[in-house]
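Peer 1: Quick one, what's the 3D model for this:
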Amino acid sequence: MTTLQLSPSQLQAICNEFTEKPNGINMLLSIILNILMKAERKDFLTTSNGDGNKANGYRSLRGLGIGESIELSIPRDRLGQFKPLLLEVMREQQDTLNELCFELYANGLTTCQVEDITESIYGKKLSKSAVSRIIESLYEEMKAFQERQLERHYPLIYLDATYVKTKRRTVSSEAYYVVLGVKQDKTREVLGIYNAPTESASTWDNICQDLKDRGIQQIQLAIIDDLKGLELTIEKHFACRVQKCVLHLKRRLLNQSKTSHRTELGQDLKDVFRVGKHDSLSATLARAKSCYQKWRKYYPQALAILADEDKLSDYLTYLHYENEVQNMIYTTNQIERLNKSFKRVLKIRNSMPSVDSVLTLMSKVAIDMGETTYRYPLSRFADSVLFK
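Peer 2: Got it, this is the predicted structure:
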């Protein structure tokens, strides 16, 4: 048998001919990988300790190519001991594909869009069910995030809801409650994401109990929206102060007023709920009553809370803290910014196929925030009594 001797330049010319053909790169890649695996098996059988092992044909496998999949012939041995090193490379490719699928899905693409993109890049057509299985296989990571142990002490927590169209039997907007904590080192952490189709005392009790079961023993201040009964449940579980969101209150009062009154009423409400200025609780209550007296002929029921010291007290907790941090604790703005990040991912879809899919995507956003933005401490709290 005559051995063909080719110079490097001749080999280069042959390779160039292949790469100039349609799908030539993948053809060349398939040939080279098959030759290398065959040579690897030959070396394996030669160096084995005379155990009688022999070559035993090939099995087919489709690998990831460039724009299209490639056909590979995986060499086998009689004793089933040979494992080509190149198979590990193929597995790493599949792992990379799995991660890509998840990242695309987590950034708002549908399973159909993920399927099209992976086929375009890798030449491997993934069915909707295959993409779904890849995503489902990563639910465990999100579940671990939701069930992880938390620190014992959080000076601050924010709790608010975002609404997502979710399919059960029919599609409807469902509430997903998010708890954001500020740790002792002044960095932030998403503590939990919870779904509850309806608000109830048991919902709040379950959320607080979950936080306790995962390690939280002490909270100093909880900043919440006016979710009915939530403040009582938080106080019961953690014996902490509660601050209801002032911006939510002002927004609600303005929405119940005429358009022609909103600019003036908005300025009056801004004057009532001052932040960052030396002020007292009594002075704030006096301004609230004055505002009510001014507007009660138009909105006696809507603005009645301004004349009710008991109901208004949970909105004025921020006055017990330093001027420098009041605008950080008198609203749930911190968590509303997070909700906007959730919306960016979820808005691409008209509705989500299940509660689990929503929780998974929201958890992924929360994990990413924890690795980026939330790593940095909130310097405004540097000298706050909340962190002493």
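Peer 1: separation between residue 299 and residue 221?
Peer 2: 31 Å (C-beta to C-beta, to the nearest Å). C-beta: built from backbone N, CA, C; applies to glycine.
Peer 1: again, but for residue 297
Peer 2: Per C-beta to C-beta, residue 297 is found 37 Å from residue 221.
Peer 1: Looking at those two, which has the bigger crowd around it?
Peer 2: residue 221 (21 against 7; other C-beta atoms under 10 Å).
Peer 1: Which of the three states applies to residue 154?
Peer 2: Secondary structure, DSSP: H, G, I helix; E, B strand; the rest coil: residue 154 is strand.
Peer 1: That one: how many residues sit nearby?
Peer 2: 25.
Peer 1: swap in the one 10 residues further on?
Peer 2: Other residues near residue 164 come to 23 when the count uses other C-beta under 10 Å.
Peer 1: How about residue 53?
Peer 2: Residue 53 is flanked by 16 other residues according to other C-beta under 10 Å.
Peer 1: got the contact list for it?
Peer 2: Going by C-beta atoms under 8 Å, 6 or more residues apart in numbering, residue 53 touches 45, 77-79, 81.
Peer 1: Please apply the same query to residue 235.
Peer 2: residue 242.
Peer 1: what's the helix or strand for it?
Peer 2: Here residue 235 sits within helix 230-238, counting by DSSP states H and E.
Peer 1: Which positions in stretch 72-80 come out as buried?
Peer 2: Using 16 or more other C-beta atoms under 10 Å as the burial criterion, the residues of stretch 72-80 that qualify are 72-77.
Peer 1: is it possible to export those residues to a markdown table including pLDDT?
Peer 2: Converted to a markdown table, the buried residues of stretch 72-80 look like this (pLDDT from 0 to 100):
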| residue | pLDDT |
| --- | --- |
| 72 | 77 |
| 73 | 79 |
| 74 | 80 |
| 75 | 81 |
| 76 | 82 |
| 77 | 82 |
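Peer 1: List the ones among the residues you listed that fall in strands.
Peer 2: If you go by DSSP state E, those have 72-77 in strands.
Peer 1: which of the contacts of residue 53 lies closest to residue 266?
Peer 2: Nearest to residue 266 out of the contacts of residue 53 is residue 81 (C-beta to C-beta; 77.7 Å).
Peer 1: Is residue 304 in contact with residue 293, as I believe?
Peer 2: No. Residue 304 is beyond contact range of residue 293, at 11.8 Å (criterion: C-beta atoms under 8 Å).
Peer 1: Send over stretch 324-331 as PDB, restricted to the C-alpha atoms.
Peer 2: Output of stretch 324-331 as PDB, limited to C-alpha atoms (Å, rounded to 0.1, in the frame of the first residue of the first chain):
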ATOM      1  CA  GLU A 324     -30.900  61.600  55.100                       C
ATOM      2  CA  VAL A 325     -32.700  58.200  54.800                       C
ATOM      3  CA  GLN A 326     -36.300  59.200  54.800                       C
ATOM      4  CA  ASN A 327     -36.700  59.200  51.100                       C
ATOM      5  CA  MET A 328     -35.200  55.600  51.100                       C
ATOM      6  CA  ILE A 329     -37.800  54.300  53.500                       C
ATOM      7  CA  TYR A 330     -41.000  56.100  53.000                       C
ATOM      8  CA  THR A 331     -41.800  54.300  49.700                       C
END
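Peer 1: who touches it?
Peer 2: Here stretch 324-331 makes contact (C-beta under 8 Å, 6+ apart) with 156, 221, 223, 243, 245-248, 273, 275-276, 315, 317-319, 321, 334, 378, 380-381, 383-384, 386.
Peer 1: Give me the buried positions along it.
Peer 2: Buried residues in stretch 324-331 (16+ other C-beta under 10 Å): 325-326, 328-331.
Peer 1: avg pLDDT for it?
Peer 2: Over the span of stretch 324-331, the pLDDT mean works out to 92.
Peer 1: Next: stretch 200-218.
Peer 2: Stretch 200-218 comes out with an average pLDDT of 91.
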